[in-house]
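> Take this sequence and fold it.
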Amino acid sequence: MAEKTAKEKARALLNNKQKEHRKRHGGCPLTESKYSKISDWISTGDMGLNRIISGSVYHGIPSGRVTMLSGESQSGKSFVTSKIIENALVENNYDLVDVLDSEGGMTDEMFSDRVTDEHKEKIEHTLIETVEDFAVIARKKLNLILEVKKLDPDFKALMIVDSIGMLPIEKILKNLDDQNRLPADQGTRAKILNSAIQALMTLTVKADVPLVLLNHVYDDPSGMVSKIKSVSGGKRATHSGHVCIQTSKIFEKDPNRTLKNGKPFYQSTVLKMFTTKNRVVKPFYETDIYLSYSNGLQYPYFGLWKPCMDYGIIKSPKQGWYTIPIIGDKSYRRADILKNVDNVWDIILPEFEKMSIPDMQYASGVDEELEEFDNMIEEIDNSDNESDE
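Numbers count the residues shown, from 1 in each chain. Reported below is the predicted structural model:
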């Protein structure tokens, strides 16, 4: 029998050590790892938002990943969250929705008639008071879900935290209660909040639970104009999730109505969504959501209008009129296409996916660049914390 070459000996040693490692730590080849694949997606109810999060108009919030939704007041965070919960229960048949609520913002009236009392029985509502509450309770719930999945692998759960932006740390409350004074923060809260989010990242992947965190943004008047705004928790929190989305808003006036005092009557809000980080598809995509005060999410295809025009799927041969070449020469008004007359989107969407998905996907080798970007953010954050101290 021929003696093994050095390369064969090295491979044999590696295989033996890998077997020990896999037995102890649960490792496996990437192609066999259940953690490397997203098992489920929850639609946000808006095709454009689904696209910039997941790369597909048919997907949305990824299971087993942390999605952070940050925005100013009334910029659609709670509305989008209610749609995620609604679709998880009604469309995806989730068994549990865990809501950790720091603001008392989760109400019974948030949901449409599609959400029955039977569905609402699956929503577990827990009030949390501090950042430490958030970390401890969320970990306990995720660990419980892991135990349940050992008995029922098909069990599906969603976790929502509304919001991490309003949570103080225990030290602040203790000083208020014991000494009747509010101490200066000096960056302590940001460090604890970031540690809390980090403590949930891997556990979220293991439990295969979509974890949606709501946060607040703050504009710095003295800073440069940027689409990436400061959020509660500092620079690191801006990029703490697997997918991070920032929201803003534009109020739309009704040109035909005014209030009795002559001031404008606002009929809708355009919610603007922008991905500041995305480990699923390329980041820095944006979309708009049209939210009518009378009809809610009236146009779920609203955010696809511009990319459809860019791809040539919708064309404008003359002002105010549009055609869809893959359907024929018939002309439509923009509002009619957005209302899905003639079920035009049934034909548009498959063609749109063929063009959009390759554009949204990462090129090979981009993971290393993302890792370098994350490390850069951490270095900046660490230097800021040192200067605060």
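> use CA for all of it now, contacts and neighbours both
Fine.
> ok, Ile160 - how many residues close by?
Per other CA atoms under 10 Å, the neighbour tally for Ile160 reads 22.
> I meant to write Ile250 there.
Neighbour count of Ile250, defined by other CA under 10 Å: 13.
> Enumerate every residue touching the nearest residue to it once chain neighbours are set aside.
Leaving aside its sequence neighbours, Ile250 sits nearest to Val270 (CA to CA, 6 or more residues apart in numbering; 5.2 Å). Residues in contact with Val270 (CA atoms under 8 Å, 6 or more residues apart in numbering) are 249-252, 288-291.
> go again using 7 Å as the cut-off
Each residue near Val270 by CA atoms under 7 Å, 6 or more residues apart in numbering is listed here: 249-251, 288-291.
> Among those, filter down to the buried ones and hand me the PyMOL syntax, if you would.
Remark: buried members of the contacts of Val270, expressed as a PyMOL selection using 16 or more other CA atoms under 10 Å:
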select buried, resi 249+288+289+290+291
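> Let me have the contacts of Val270 in TSV, extended by distance to Ala157 and pLDDT.
Below are the contacts of Val270 laid out as TSV (distance: CA to CA, whole Å; pLDDT from 0 to 100):
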residue	distance to Ala157	pLDDT
Lys249	30	88
Ile250	33	88
Phe251	35	85
Asp288	28	96
Ile289	26	95
Tyr290	29	92
Leu291	28	87
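> The contacts of Val270 into CSV, with extra columns for secondary structure and distance to Asn261?
Putting the contacts of Val270 into CSV (DSSP: H, G, I helix; E, B strand; the rest coil; distance: CA to CA, whole Å) gives the following:
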residue, secondary structure, distance to Asn261
Lys249, strand, 24
Ile250, strand, 22
Phe251, strand, 19
Asp288, strand, 31
Ile289, strand, 30
Tyr290, strand, 27
Leu291, strand, 25
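> returning to what we had before: distance between the host helix or strand of the residue nearest to Ile250 and the chain's centre?
Element membership for Val270, per DSSP states H and E: strand 264-278. Strand 264-278 sits 15 Å away from the centroid of its parent chain (CA atoms, centre = their mean, to the nearest Å).
> Can you list the buried residues in that strand?
Counting neighbours by 16+ other CA under 10 Å, strand 264-278 gives 265-266, 268-278 as buried.
> Please tell me how far Ser43 sits from Pro300.
Separation of Ser43 from Pro300 (CA to CA, to the nearest Å): 11 Å.
> Quick one: mean pLDDT over stretch 129-149.
If you average the pLDDT over stretch 129-149, you get 96.
> Send me the helix or strand that contains Asn16 as CSV with only the CA atoms.
For Asn16, the host element (DSSP H and E) is helix 6-25. Coordinates of each C-alpha in helix 6-25 appear next as CSV, following Å, rounded to 0.1, in the frame of the first residue of the first chain:
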residue,chain,number,x,y,z
ALA,A,6,1.5,15.2,2.5
LYS,A,7,-1.7,16.6,0.9
GLU,A,8,-3.6,13.4,1.6
LYS,A,9,-2.4,13.4,5.2
ALA,A,10,-3.4,17.0,5.7
ARG,A,11,-6.9,16.3,4.2
ALA,A,12,-7.3,13.3,6.5
LEU,A,13,-6.3,15.4,9.6
LEU,A,14,-8.7,18.1,8.5
ASN,A,15,-11.6,15.6,8.0
ASN,A,16,-11.1,14.1,11.4
LYS,A,17,-10.9,17.5,13.2
GLN,A,18,-14.0,18.7,11.3
LYS,A,19,-16.0,15.6,12.4
GLU,A,20,-15.1,16.5,16.0
HIS,A,21,-16.0,20.1,15.5
ARG,A,22,-19.3,19.3,13.9
LYS,A,23,-20.2,16.9,16.7
ARG,A,24,-19.4,19.5,19.3
HIS,A,25,-20.5,22.7,17.6
